[in-house]
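1. following is a predicted model, sequence given first.
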Amino acid sequence: MAIDELVRQAREAVSDFGIALHCVAGYVQGPSVREPVSHDEVVVVGLGVPAAGRLGALVESLAARPGPLGIAARLAKYNLASRRVARALKANRELTNIFCRADVIVSADPEADRAVWKLRRRTDARLMHGPFAMANALSEAARG
């Protein structure tokens, strides 16, 4: 559903300009990576991200606790997860190169923000978070 929403917003952003839209969506799928799947005009590619290790399991259990310890553990859990996603994207050269050739790169999940931000020195694409920022960036690119 998230991919459908992003594509819908992207279509609406460039519909007045007659620009052909081509999207590549990467999503986190566990350790095994399957072949890309076509979804309308979107190529959907699974990014194999390793499961959390022992530290991740400990942080996960602490994150369920109330109070300051639980809050700190939830922040640590997010940090560890975003690092795993960023490392997985860096290791997947094919998907990284596809993203680096894009006009706009959007992160739809906070855990993917770090991975997208790490592309900043490798691409001239606009780096965004969320569908509304993506739609604005696409409209500006289509006008320019």
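-> Sure thing, it's come through.
2. going along the chain, name the helices of the protein.
-> Counting by DSSP state H, the chain has these helices, from start to end: 2-14, 54-63, 67-91, 93-100, 113-117, 131-143.
3. kindly format the C-alpha coordinates of the second one as PDB.
-> What follows is the C-alpha trace of helix 54-63 in PDB, where atoms were taken according to Å, rounded to 0.1, in the frame of the first residue of the first chain:
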ATOM      1  CA  ARG A  54      22.300 -10.500  20.300                       C
ATOM      2  CA  LEU A  55      22.700  -6.800  21.000                       C
ATOM      3  CA  GLY A  56      19.600  -6.100  18.900                       C
ATOM      4  CA  ALA A  57      17.600  -8.700  20.800                       C
ATOM      5  CA  LEU A  58      18.700  -7.200  24.100                       C
ATOM      6  CA  VAL A  59      17.700  -3.700  23.000                       C
ATOM      7  CA  GLU A  60      14.400  -5.100  21.700                       C
ATOM      8  CA  SER A  61      13.600  -6.500  25.100                       C
ATOM      9  CA  LEU A  62      14.600  -3.300  26.900                       C
ATOM     10  CA  ALA A  63      12.500  -1.200  24.400                       C
END
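4. what packs against it?
-> The helices and strands touching helix 54-63, judged by 3 or more CB pairs under 8 Å, 6 or more residues apart in numbering; DSSP states H and E, are helix 67-91. Where you see a C-beta, it was placed from the backbone N, CA and C, and this is true even at glycine.
5. what's the angle between the helix it packs on and helix 93-100?
-> 100 degrees (axes from the mean of the first three to the mean of the last three CA atoms, to 10 degrees).
6. all set, thanks.
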